[in-house]
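[1] Predicted coordinates and the sequence they were generated for:
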Amino acid sequence: MIKPGLALLACLALPAIATENQLASAIARDYKATLEPLFKHFHANPELSYMEVQTAARLARELRASGFEVTEGVGKTGIVAILRNGPGPTVMVRADMDALPVEERSDAPHASKVKMKDMSGTMVPVMHACGHDAHMTSLVGTAHQMAARKGEWKGTLMLVGQPAEERTGGALDMMADGIFKRFGKPDYAMSLHVIADVEAGKIDVSEAPFSGADLMEIVVHGIGTHGASPHMGKDPVVIASQIVLALQTVVTRDIAPREAALITVGSFHAGSKGNVIGDSARLELTVRSESDDTRAKLLAGIKRVAENTARAAGMPEDKLPEIRHTDRPVPPTLNDNALMQRLRGVWSAKLGEGIFDKGYQRGGMVGEDYAHFIYGQGIPSVYFVVGATPAEQVAAARAGKGTLAYNHSPLFKVEAEKAIQTGVLATTTALLDLMKK
Ligand SMILES: [Zn+2]
Ligand SMILES: [Zn+2]
């Protein structure tokens with residue numbers, strides 16, 4: 001931040017940052033006037049995946065009011081907003097719109113009290129516990145800045161409101177609805193996510209911000225018998241237990257130690273009674289990877305371990321475990337290296353190195369269905385994360401002196417003012433570079 005008394009000096013010494021300060025001030029004014037009430041509205045009125053009807057309508061209205069040509073109902077409840085500004089690159093910016101079946105316990109005055117029926121008809125509490133409300137508000141903030149600066153850029157800006165990220169299906173549905181055929185294939189694409197363990201006011205960008213995910217099940221067959229006469233059958237509980245343990249060696253022994261890979265068996269169901277050996281067990285697992293090669297090794301390893309463990313137990317060839325996907329696989333969200341280096345340089349030059357949260361270490365292997373827009377499409381893309389939590393809380397958690405309410409927690413609370421302004425500032429700065437006149 002440049003003090004007023006130093007403004008002239010700063011203009012002479014740091015023209016880029018002085019210009020960006022004007023942008024930051026414009027965003028701050030817009031935040032107070034329109035973005036803050038809009039964020040509170042989105043937060044207090046969350047809707048579940050594929051039910052983002054009011055949310056999409058409000059987002060469409062906001063973007064239309066900013067001068068965009070908006071099409072609704074793309075991929076069920078998705079929206080596409082286009083602003084044409086002469087010949088030049090087409091750049092897509094995507095925000096997700098759905099909330100989660102979580103009962104909010106944050107102390108925010110605009111906390112959600114919403115309940116709605118989920119897809120199975122069960123009444124559930126609903127909360128924007130992943131910060132998609134902040135993403136939509138940032139998208140509108142970016143629309144305002146780009147519409148106000150049409151003299152500074154050229155090309156076509158494509159803003160996308162995507163449904164059902166939390167069901168990892170919305171992006172695929174928008175693709176199936178021909179988004180790029182109908183509205184043009186972007187030359188570049190961008191998205192962002194607020195993350196609890198990044199400092200509010202800062203961002204992070206890395207080569208692989210999100211992982212690929214395969215959700216699978218293994219049905220392990222046995223031969224049912226009396227619990228006191230195991231020799232008369234084949235116990236599927238024992239075979240499945242050995243498979244669970246052996247799967248851990250696929251990650252530790254088949255995959256290079258520096259390569260990201262994960263297999264979690266999150267569900268194990270078998271049996272009905274203590275003295276009965278049943279005839280099957282069912283395992284559900286999630287498999288995470290960040291390259292095609294690693295993914296292929298993991299999937300082959302799962303098949304090899306499951307089938308051969310059953311063979312070792314004496315199961316016949318026609319009763320080997322059945323392995324199948326239970327949901328559509330999500331590819332990894334990988335950043336285009338050249339574009340990432342370019343934007344990193346632009347952000348550093350225009351916003352200062354302090355914009356990056358240098359202490360952030362990505363730990364888990366979370367999936368993101370944004371990948372469906374770009375994977376195998378040849379569209380250079382950058383996905384970056386935006387801080388959601390006050391710096392002192394992040395510092396305390398990193399020092400082991402406190403815990404953070406992470407994304408999806410009922411206590412998750414975005415430091416909205418900083419997160420949204422940072423999201424708009426980083427996105428607009430990137431767009432003005434990619435689309436500059
Ligand atoms: Zn989420
Ligand atoms: Zn999310």
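    Thanks, I have the structure now. Ligands and ions are numbered 1, 2, ... in the order given.
[2] where does the most centrally placed residue in the chain sit relative to residue 215, distance-wise?
    Geometric centre of the chain, nearest residue: residue 368, 3.8 Å, by CA atoms, centre = their mean. Separation of residue 368 from residue 215 (CB to CB, to the nearest Å) stands at 14 Å. Heads up, the C-betas are built off the backbone N, CA and C, glycines and all.
[3] sorry, back to before: now the phi/psi pair for the residue lying closest to the residue nearest to the centre of the chain once chain neighbours are set aside, please.
    Distance criterion CB to CB, 6 or more residues apart in numbering; nearest residue to residue 368, sequence neighbours excluded, is residue 210 at 3.8 Å. Per-residue torsions, residue 210: phi -140, psi 150 (degrees, to the nearest 10).
[4] neighbours of residue 210, just the number please.
    Look at residue 210: counted by other CB atoms under 10 Å, it has 27 neighbours.
[5] Could you pull out the buried residues of stretch 170-182?
    Neighbour counts over stretch 170-182 (16 or more other CB atoms under 10 Å) mark 170-174, 179-180 as buried.
[6] can you give me the end-to-end distance of stretch 319-334?
    39 Å (CA to CA, to the nearest Å).
[7] Distance from the chain centre to stretch 400-407, please.
    Put simply, stretch 400-407 sits 20 Å off its chain's centre (CA atoms, centre = their mean, to the nearest Å).
[8] Span of it from start to end?
    Using CA to CA, the span of stretch 400-407 from its first residue to its last is 19 Å.
[9] Give me every residue in contact with that stretch, excluding its own residues.
    Stretch 400-407 has contacts (CB atoms under 8 Å, 6 or more residues apart in numbering) with 106, 129-131, 194-197, 388-389, 393-394, 396-397, 411-413.
[10] what does the domain assignment say about the protein?
    Following automatic domain parsing, one gets these domains for the chain: 4-210+333-434, 212-325.
[11] Tell me which of those sits most buried.
    Of the domains of the chain, the one with the most neighbours on average (mean count of other CB atoms under 10 Å) is domain 4-210+333-434, at a mean of 19.
[12] and the residue nearest to residue 368, what are its bridge partners?
    In this entry, residue 210 is beta-bridged to residue 333, by DSSP bridges.
[13] for residue 215, same thing?
    With DSSP bridges as the rule, residue 215 is bridged to residue 286.
[14] Please apply the same query to residue 367.
    Counting by DSSP bridges, residue 367 forms beta bridges with residue 211.
[15] For it, give me the pLDDT.
    What the model reports as pLDDT for residue 367 is 92.
[16] That one against residue 210, yeah?
    Yes. Counting by CB atoms under 8 Å, residue 367 touches residue 210, with 5.9 Å between them.
[17] Can you flag which of the buried residues of stretch 170-182 belong to helices?
    170-174, 179-180 (DSSP state H).
[18] one step back: can you tell me which residues contact the residue nearest to residue 368?
    Here residue 210 is in contact with 332-333, 366-368, 370-371, 383 (criterion: CB under 8 Å, 6+ apart).
[19] Let me see the ranges of the helices in the stretch 1-150 of the chain.
    7-13, 15-30, 36-44, 53-65, 132-148 (DSSP state H, counting those that start in this stretch).
[20] how about these in TSV, adding distance to residue 361 and mean pLDDT?
    Formatted as TSV, the helices of the stretch 1-150 of the chain follow (distance: least, CB to CB, whole Å; pLDDT from 0 to 100):
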stretch	distance to residue 361	mean pLDDT
helix 7-13	33	42
helix 15-30	27	84
helix 36-44	28	98
helix 53-65	33	98
helix 132-148	22	98
